[in-house]
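Engineer: Fold the following.
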Amino acid sequence: MTATDPPKAKKSIFKKIYSVIAAIVLLAVIADAVWVSSGSGQWKLAKDEDGVKVYTMKVPGDKFIKVKTVMVGDYTLTQLTSQHIVDDNLDTCREWIPTCVTFTRLQEFDPVKGYDKDMWRLDFPAPFKDRELLISTMFSQDKASKVVKLDVVALPNTLPHNEDVVRVERMHNVWMFAPLPDGKIEVSLIQDNDLLGFFPYVMMNMVIVDESHKFFSVDLRKALKKEKYVNAKLDFIDDIR
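Structural biologist: The predicted structure follows:
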């Protein structure tokens with residue numbers, strides 16, 4: 001197209017480009033609406049390898065999928081629980097999430113009240129803003145079954161928000177450590193998170209199954225072998241051994 005092209009030809013080309021862009025946007029909006037409204041609300045097995053099973057659940061109205069990861073191991077309840085309570089610092093934060101850049105302990109774990117409070121900041125690549133997690137880990141144990149439950153929940157508004165990051169408002173991760181008849185422990189984690197802000201949920205949904213499987217099969221198994229967890233002493237836990 002040159003400066004001598006008729007004005008009508010220029011308008012025709014721009015009109016076609018606009019029509020294509022509008023069609024793409026419309027299709028994206030329709031696809032988003034269809035995805036958000038879809039889902040059975042039931043757990044479905046998505047991956048079963050190396051002794052680790054990963055299930056997914058899509059709930060109608062929610063854009064993010066929920067994930068449940070399960071494995072069985074020769075652990076103790078104290079060993080598993082201590083990883084969430086003992087030695088909470090930036091290094092531990094980075095073991096859980098490599099993109100963790102700051103960690104602030106706001107309240108030490110209280111065995112009587114059964115909870116602590118922390119602030120994590122996660123580095124996100126541009127153009128996304130960093131994410132900030134203001135969370136509490138709440139401990140409970142069933143007296144009869146000895147099952148230990150750890151609820152990790154977001155407390156987004158208990159402190160003022162920081163303008164340069166996105167404070168995650170929805171996070172509810174549930175750890176369960178259930179003794180089995182053979183003396184081993186079933187370890188499970190249900191993740192229910194919404195990262196909010198300008199972040200395409202499609203990317204998260206695409207990688208979360210493989211990342212959850214890797215975390216259990218490689219990172220978690222490796223971390224649990226550390227002496228500080230194997231030999232940990234927590235008086236408030238009724239262990240099976």
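Engineer: In this protein, what residue spans correspond to strands?
Structural biologist: Applying DSSP state E to the chain gives strands spanning 44-49, 52-57, 66-73, 100-110, 115-122, 130-141, 148-154, 165-167, 170-179, 185-191, 193-194.
Engineer: buried sites along the fourth one?
Structural biologist: Right, the one you point to is strand 100-110. Within strand 100-110, the residues scored as buried using 16 or more other CB atoms under 10 Å are 100, 103, 109. Bear in mind the C-beta positions are built from the backbone N, C-alpha and C, glycine included.
Engineer: Go through these and say which is closest to Pro125.
Structural biologist: Using CB to CB, Cys100 is the member of the buried residues of strand 100-110 that lies nearest Pro125, at 14.5 Å.
Engineer: which ones are touching the closest one?
Structural biologist: By CB atoms under 8 Å, 6 or more residues apart in numbering, the residues touching Cys100 are 90, 93-94, 120-123.
Engineer: Return the per-residue confidence for the nearest residue to it once chain neighbours are set aside.
Structural biologist: Leaving aside its sequence neighbours, Cys100 sits nearest to Cys93 (CB to CB, 6 or more residues apart in numbering; 3.9 Å). pLDDT recorded at Cys93 is 83.
Engineer: cool, the one 10 residues further on as well?
Structural biologist: Phe103 carries a pLDDT score of 91 in this model.
Engineer: Domain parsing of this protein, as residue ranges.
Structural biologist: Structural domains assigned to the chain are 1-37, 40-230, following automatic domain parsing.
Engineer: Ile237: which of the ones you listed is closest?
Structural biologist: Within the domains of the chain, the stretch nearest Ile237 is domain 40-230; the backing value is 5.1 Å (CB to CB).
Engineer: now Asp194: how far from Pro160?
Structural biologist: To Pro160, Asp194 is 21 Å away according to CB to CB, to the nearest Å.
Engineer: just to revisit the earlier point, worst mean pLDDT among the domains of the chain?
Structural biologist: Mean pLDDT, when computed for each of the domains of the chain, is lowest for domain 1-37, at a mean of 62.
Engineer: circling back to that earlier point, I'd like the domains of the chain laid out as TSV, including distance to Asp239.
Structural biologist: Shown next, in TSV, are the domains of the chain (distance: least, CB to CB, whole Å):
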stretch	distance to Asp239
domain 1-37	44
domain 40-230	5
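Engineer: most tightly surrounded among those?
Structural biologist: Mean neighbour count (mean count of other CB atoms under 10 Å) peaks for domain 40-230 among those, with a mean of 16.
Engineer: starting at the chain centroid, how far to that domain?
Structural biologist: Averaged C-alpha coordinates place domain 40-230 at 6 Å from its chain's average position (CA atoms, centre = their mean, to the nearest Å).
Engineer: My guess is Ile65 contacts Met57. True?
Structural biologist: Yes. Here Ile65 reaches Met57: they are 6.6 Å apart, a contact under CB atoms under 8 Å.
Engineer: How about Met79, nearest residue that isn't a chain neighbour?
Structural biologist: Not quite, residue 79 is Gln, not Met. What sits nearest to Gln79 in space, not counting adjacent residues and going by CB to CB, 6+ apart, is Tyr229, at 5.1 Å.
Engineer: Go through the domains of the chain and name the closest to Ile240.
Structural biologist: Nearest to Ile240, of the domains of the chain and by CB to CB, is domain 40-230 at 4.9 Å.
Engineer: what about that closest one, how long is it end to end?
Structural biologist: Domain 40-230 has an end-to-end distance of 40 Å (CA to CA, to the nearest Å).
Engineer: before we move on, what about stretch 109-128?
Structural biologist: Across stretch 109-128, the terminal residues are separated by 32 Å (CA to CA).
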